[in-house]
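In: One predicted model, sequence on top.
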Protein chains: 2
Amino acid sequence: MLRISKLTDYGIVLLAALAERPLGATANARELAEATHIPFPMVGKVLKALAQAQLLVSHRGAKGGYGLARPAESITVAEIIEALEGPIALVECNAGPGHCEQEASCHVRDPWQRIHSTIRGTLSHVTLRGLVAPLLQVERTTTREPGAPRGSHV
Amino acid sequence: MLRISKLTDYGIVLLAALAERPLGATANARELAEATHIPFPMVGKVLKALAQAQLLVSHRGAKGGYGLARPAESITVAEIIEALEGPIALVECNAGPGHCEQEASCHVRDPWQRIHSTIRGTLSHVTLRGLVAPLLQVERTTTREPGAPRGSHV
DNA sequence: ATTTACAGGACCAGGCCGGTCCCCTATGTT
DNA sequence: AACATAGGGGACCGGCCTGGTCCTGTAAAT
């Protein structure tokens, strides 16, 4: 069904929850679990991964917690997905050469690559800020088309 | 990794193989298996599913086989994906209401819906013909986005 | 020193995915 | 009519990945 994993889903919700708070604010795993209704152990797992990917900074010890490593407007959905489930690759071969032993005989490799970059482009133009402030919309990415966000490219 | 299933991957390759043949041509599962190097039993499985989804028409009996149900230019990648793995839904709630019990409290539902329709739009504008005739390209899709999508590393 | 809270694991059940096989039915061919 | 071919519709199975929990160690604040 072309799904992102639940881990990633959680990650986005958690990051969004952090992005909603005042600039530079931090929160610990427990608070975030309560705010988002995501089971606490899962929250820990996801936040750890996001910290490893340097999207979050962590503070250990009492009064510790997590904060965004960068402003919300510079964190993209593509980055979040890649942090939590590896490179975006609709088909194996999108992840790089040598993944498919039929590269030579495959006739649809190139078109896939284009589809792949289009989608990746879409995801890398949506920022955490854009997710959190739906009122601002995504103006910058759709400036040439003030109407509904139809993907009328192509 | 935001992957489509291998079944779907196979489906696209198989449909492309058929689309390369002269208009209205048919081919049986064995021929297609040889042409695409996909294991024969898998080919059967995939073609059956595509026929059920009415993307292919099948002819039973000796000299039977499969043919495209519609011209290649009217079959889209989105349709193929949906035929083989159900509705495209990056996150559960994209598939319709009632999938997530946190709909009310979720703050990122709407933005996801927009991302979802953008991606679905992309996939539904790429046709089988477009896959098979890479020389024609889809020029108009890339006119405003020169070069690789600037995103992040990896 | 004690408590808080992250780091880094291991661990586990369940489900889906990729793949194979079998029997039935429809259609040409002889 | 009989046979061969080829699709239809399943069942079936192993393995991996996903979703989820838990435990121990370590850093920081009081």
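Out: It's in.

In: Tell me where chain A has strands.
Out: Counting by DSSP state E, chain A has strands at residues A:56-59, A:65-68.

In: For residue A:100, which non-adjacent residue is spatially closest?
Out: residue A:93 (4.5 Å; CB to CB, 6 or more residues apart in numbering or on different chains). To be clear about C-beta, it is placed using only N, CA and C from the backbone, and glycine gets the same treatment.

In: I meant residue A:76, not that one.
Out: Residue A:76 sits nearest to residue A:124 (CB to CB, 6+ apart), 4.7 Å away.

In: Would you check that the one you found makes contact with residue A:80?
Out: No - with contact defined as CB atoms under 8 Å, residue A:124 does not count as touching residue A:80 (10.3 Å).

In: Looking at the two, which is more packed in?
Out: Using other CB atoms under 10 Å in any protein chain shown as the criterion, residue A:124 and residue A:80 rank with residue A:80 on top: 24 against 21.

In: OK, contacts around the more buried one?
Out: A:8, A:11-12, A:15, A:50, A:55, A:128 (CB atoms under 8 Å, 6 or more residues apart in numbering or on different chains).

In: go with 7 Å
Out: Contact analysis of residue A:80 by CB atoms under 7 Å, 6 or more residues apart in numbering or on different chains lists A:8, A:11-12, A:15, A:55.

In: Out of those residues, which comes closest to chain B?
Out: Nearest to chain B among these is residue A:12, at 6.1 Å by CB to the nearest CB.

In: Would you mind listing what in chain A touches DNA strand D?
Out: With CB under 7 Å from any atom of the strand as the criterion, chain A meets DNA strand D at residues A:5-7, A:39, A:41-42, A:44-45, A:59-64, A:85.

In: Please report how far the residue nearest to residue A:76 lies from DNA strand C.
Out: Remark: distance between residue A:124 and DNA strand C (CB to the nearest atom of the strand, to the nearest Å) = 25 Å.

In: pLDDT wise, what is residue A:73 at?
Out: pLDDT, residue A:73: 95.

In: and if you look at the one 5 residues further on?
Out: pLDDT recorded at residue A:78 is 96.

In: Around it, how many other residues sit close by?
Out: 23.

In: Likewise for residue A:53?
Out: Neighbour tally, residue A:53, other CB under 10 Å: 15.

In: what residues are up against it?
Out: Applying CB under 7 Å, 6+ apart, the residues contacting residue A:53 are residue A:83.

In: Quick check: chain neighbours aside, which residue is closest to the residue of chain A most remote from its centre?
Out: What lies farthest from the middle of chain A is residue A:105; by CA atoms, centre = their mean that is 33.7 Å. Residue nearest to residue A:105 in three dimensions, not counting chain neighbours: residue B:37, with 6.3 Å by CB to CB, 6+ apart.

In: tell me the phi and psi of that neighbour?
Out: Phi and psi for residue B:37, reported as degrees, to the nearest 10, are phi 60, psi 30.

In: Mind naming the longest helix for chain A?
Out: helix A:109-125 (DSSP state H).

In: just the angle between that one and helix B:109-124, please?
Out: Helix A:109-125 runs at 160 degrees relative to helix B:109-124, counting by axes from the mean of the first three to the mean of the last three CA atoms, to 10 degrees.

In: circling back: next one, pLDDT for the residue farthest from the centre of chain A please.
Out: 80.

In: Local confidence estimate at residue A:132?
Out: Reported pLDDT for residue A:132: 88.

In: Can you get me a residue count around it?
Out: 21.

In: that older thread, surely the residue nearest to residue A:105 is in contact with residue A:101?
Out: No - judged on CB atoms under 7 Å, residue B:37 makes no contact with residue A:101 at a distance of 8.6 Å.

In: List the contacts of residue A:27.
Out: For residue A:27, counting by CB under 7 Å, 6+ apart, the contacting residues are A:18, A:21, A:65-66.

In: Tabulate the residues you listed (CSV), appending neighbour count, pLDDT and distance to residue B:97.
Out: Below are those laid out as CSV (neighbours: other CB atoms under 10 Å in any protein chain shown; pLDDT from 0 to 100; distance: CB to CB, whole Å):
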residue, neighbour count, pLDDT, distance to residue B:97
A:18, 25, 96, 27
A:21, 16, 92, 28
A:65, 20, 97, 34
A:66, 24, 98, 31
